[in-house]
Structure formats: C-alpha cells, structure tokens
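In: Following is a predicted model, sequence given first.
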Amino acid sequence: MKISASIYSDKKRVLREVINDLVGHQIEVLHIDCNDNLDVFSDIKKIRSWCNTPIDLHIITDEPDKYYDLLLENPVEYVTFQYENLTKPLKLPKDIKGKKGLAITTPTDIEVFHDFEYMDFILIMATTPGQSGGSFDQYNFSKIRKFRSRYPRKSIHVDGGVNDEVSFILRNMGVSLSVSGSYLFSGASIGNSLMNLTQREIESTYCVRDFMTPLEEAPHVFIENATTKSILETVENGEMGFALICNKDQKLYGLVSSADIRKALLKKIDKPSLIETGDLINTNPISISDEATVIELLQQIKSCSFPIMYLPVIDKSMNAVGIVNFVHLIKGEI
C-alpha cells in the first residue's frame with residue numbers, strides 16, 4: 001500500500017521545506033487538497049520543478065469544468081473529484097492524463113460509483129473532506145469490503161484518520177493507497193511516522209470484529225448439508241480460496257482451504273471418487289476471538305510455525321462469526 005502525504009497538513013513550514021523533507025524520506029506520493037482553489041496549480045508547478053514524485057490531486061468543487069484546462073497543462077498521476085459537490089454530470093476530457101477517481105464521504109453509499117465505472121479508483125473519505133486530524137470512522141471498513149467485492153479490478157484509496165493501526169488494517173483489506181496528513185507530520189519526524197505506518201508492531205484501538213469479513217459475506221457451508229461437491233463449489237464460487245464449515249447452530253466445525261483440497265487429492269490420487277467431505281475439512285483450524293485486538297492478532301500469527309492465509313473468527317460462544325483473510329496483505333507487501 002502506498003502512502004500519500006497530505007502536504008498542506010504541515011502548517012509550520014514553507015512548502016519547499018515540506019517537499020524536501022518528504023522526498024528525502026522517499027515518500028511515494030504527494031497528496032494535494034484543492035478546496036475549489038485554482039491557486040494549487042501554482043504549487044503543482046513549483047513541486048514539478050523540485051521533484052518527480054507522483055502527485056495525488058483531490059478536487060472539491062461544484063464547477064469541475066474550470067479545472068480541465070489546468071489539468072491538461074499540468075498533468076498529475078492521480079486526480080479525484082468529490083462526489084457530493086458535483087451538481088451536474090462529470091464530463092472529463094479524454095486527453096486528461098493520469099488515473100481518475102471519485103471521492104465519497106462516509107455517509108455516501110458506494111453504489112454511486114455505478115455511474116463512474118470508467119474511473120480507475122474510489123477514494124473513501126473516512127473523515128470530513130478538507131479537514132485534518134479527524135478520527136477514522138470504522139463504518140468505512142464495511143464500505144471497503146463492499147466495494148472490493150463489487151469492483152475487484154478497481155483500486156481503493158482511503159483518506160482520513162489513517163494512523164499505524166488503521167494502516168495495517170487497510171493493507172490487510174487490499175487498499176492500494178492511503179492518505180496521511182496530521183499523523184504523518186505530528187510525530188517526532190516524518191521518517192518515524194512513515195515507519196509506523198508501514199510496520200507491523202502497532203497499538204490497538206480496533207477489534208477483529210471491526211474489520212473481519214462477516215460470516216454472511218464469507219464462503220461457508222453447514223456440515224449437516226455438506227457434500228464433497230457442495231464444498232468444492234463453495235470454495236470455487238466464493239473466489240477467496242476457502243470455505244468455512246459450521247454446524248446448524250453456527251458453531252465453527254472446520255475450514256477447507258485450497259491446500260486442504262490438494263492434500264485430499266494427493267491422499268486418494270488413485271481413487272479420487274472416494275474422496276469424502278471429511279477428507280477435505282481441517283477440523284482443528286487456528287481461530288481467533290472477535291474481541292481480539294490487532295496486536296493480539298499479530299501475536300497469534302507470529303506464534304504459529306506455519307504461514308496463515310485465513311483465520312476463522314469466533315465469538316464467546318464459539319460461534320463462527322467471520323474470517324480474516326491475509327491474501328491482500330501478502331500481495332501488498334510483495
């Protein structure tokens with residue numbers, strides 16, 4: 001996951017000093033908030049003369065057309081328009097370079113992206129647009145899951161309240177870019193804050209249940225109705241590489257992963273027709289409580305002697321309530 005530094009969040013230093021500091025720490029992207037202010041393009045021209053770091057421009061306006069010529073003259077790598085401020089259809093000239101995105105606030109449903117599917121990404125505003133220092137609204141975790149499911153080929157960007165813990169969760173959820181402002185500049189140094197945003201040792205505010213994939217959204221089968229075919233179809237159709245197995249009371253019975261399927265095939269490779277449901281199911285999977293903190297989650301992963309791709313989540317009654325999938329995190333760290 002790339003970190004995009006919100007350059008105007010540093011109120012104490014002149015722009016040149018801020019940019020030099022960020023570039024010196026090898027920041028990946030420079031985020032520029034444009035709250036209907038054409039003057040930001042003067043800053044973009046200056047930044048272009050100082051460095052070649054990609055620019056991430058977020059425009060908040062009800063008159064987007066007045067920015068088109070400026071974007072043609074001053075191309076940026078990412079340009080985003082705030083959905084709630086648009087009063088008429090957005091008709092971007094095809095000659096405008098860079099990736100295009102739509103920004104939405106927390107109350108706005110991701111369904112609005114339906115009319116903007118030509119765009120490359122969505123920017124989910126987890127705090128109030130244009131304001132620095134707010135707290136991340138955890139409702140956006142469910143929006144990220146929903147968008148990822150609906151538009152698997154689109155990128156997800158997040159802005160607002162991104163600290164070290166939120167950064168880890170977002171990486172795990174497959175977010176490709178997060179904007180950091182006040183957190184990045186309020187630490188002992190930019191280098192220290194960047195390290196915190198990308199490291200795995202973090203403080204915890206959120207519980208696993210806040211960002212897990214809930215059971216109703218995860219591939220799952222009830223053991224009472226399970227057959228070899230139904231399990232394989234659930235794994236295949238779920239497109240996540242696994243299926244949770246529960247009993248009729250929703251107690252966790254086991255987990256079937258692609259690795260478990262391979263093991264079952266190898267065990268009966270000469271007589272595959274004899275493979276039964278019990279051959280496929282790992283009835284003793286590692287699991288975690290829905291009340292566990294992010295630190296406890298990481299500690300549990302580290303304590304295992306083998307890689308963990310999927311971690312079933314259970315409640316106090318041992319009911320299966322969801323799963324944590326580490327596939328996106330692994331992809332993001334490569």
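Out: Looks like it came in fine.

In: What is the burial count for residue 142?
Out: For residue 142, the number of neighbouring residues by other CB atoms under 10 Å comes to 15. Every C-beta, even on glycine, is put in place using the N, C-alpha and C of the backbone.

In: can you check residue 31 too?
Out: For residue 31, the number of neighbouring residues by other CB under 10 Å comes to 27.

In: Which pLDDT value belongs to it?
Out: What the model reports as pLDDT for residue 31 is 97.

In: State the distance from it to residue 123.
Out: Separation of residue 31 from residue 123 (CB to CB, to the nearest Å) stands at 10 Å.

In: quick one: common contacting residues for those two?
Out: Taking CB atoms under 8 Å, 6 or more residues apart in numbering as the contact rule, the neighbours common to residue 31 and residue 123 are 58, 159.

In: got the contact list for the residue nearest to residue 175 when sequence neighbours are not counted?
Out: Beyond its immediate neighbours in the sequence, the residue positioned closest to residue 175 (CB to CB, 6 or more residues apart in numbering) is residue 156, lying 4.8 Å away. When contacts are counted by CB under 8 Å, 6+ apart, residue 156 touches 121, 122, 124, 144, 147, 148, 173, 174, 175, 176, 177.

In: Counting neighbours, what do you get for the nearest residue to the fifth one once chain neighbours are set aside?
Out: In this case it means residue 147. Nearest residue to residue 147 in three dimensions, chain neighbours excluded: residue 110, at 4.6 Å (CB to CB, 6+ apart). Residue crowding around residue 110 was assessed by other CB under 10 Å; the count is 21.

In: With residue 43 instead?
Out: The local packing of residue 43 (other CB under 10 Å) involves 18 other residues.

In: Go ahead and confirm it touches residue 15.
Out: Yes: in terms of CB atoms under 8 Å, residue 43 counts as a neighbour of residue 15; the distance is 6.2 Å.

In: correct me, but residue 141 touches residue 213?
Out: No: taking contacts as CB under 8 Å, residue 141 lies outside contact range of residue 213: 10.0 Å.

In: How much space separates residue 244 from residue 148?
Out: Where residue 148 is concerned, residue 244 sits at a distance of 18 Å (CB to CB).

In: swap in residue 161?
Out: 19 Å.

In: more crowded one of those two?
Out: Of the pair residue 161 and residue 148, residue 161 is the one with more neighbours under other CB under 10 Å, namely 22 against 17.

In: Name the surrounding residues that touch stretch 261-274.
Out: Contacting residues not belonging to stretch 261-274 are listed as 232, 235, 275, 279, 280 [CB under 8 Å, 6+ apart].
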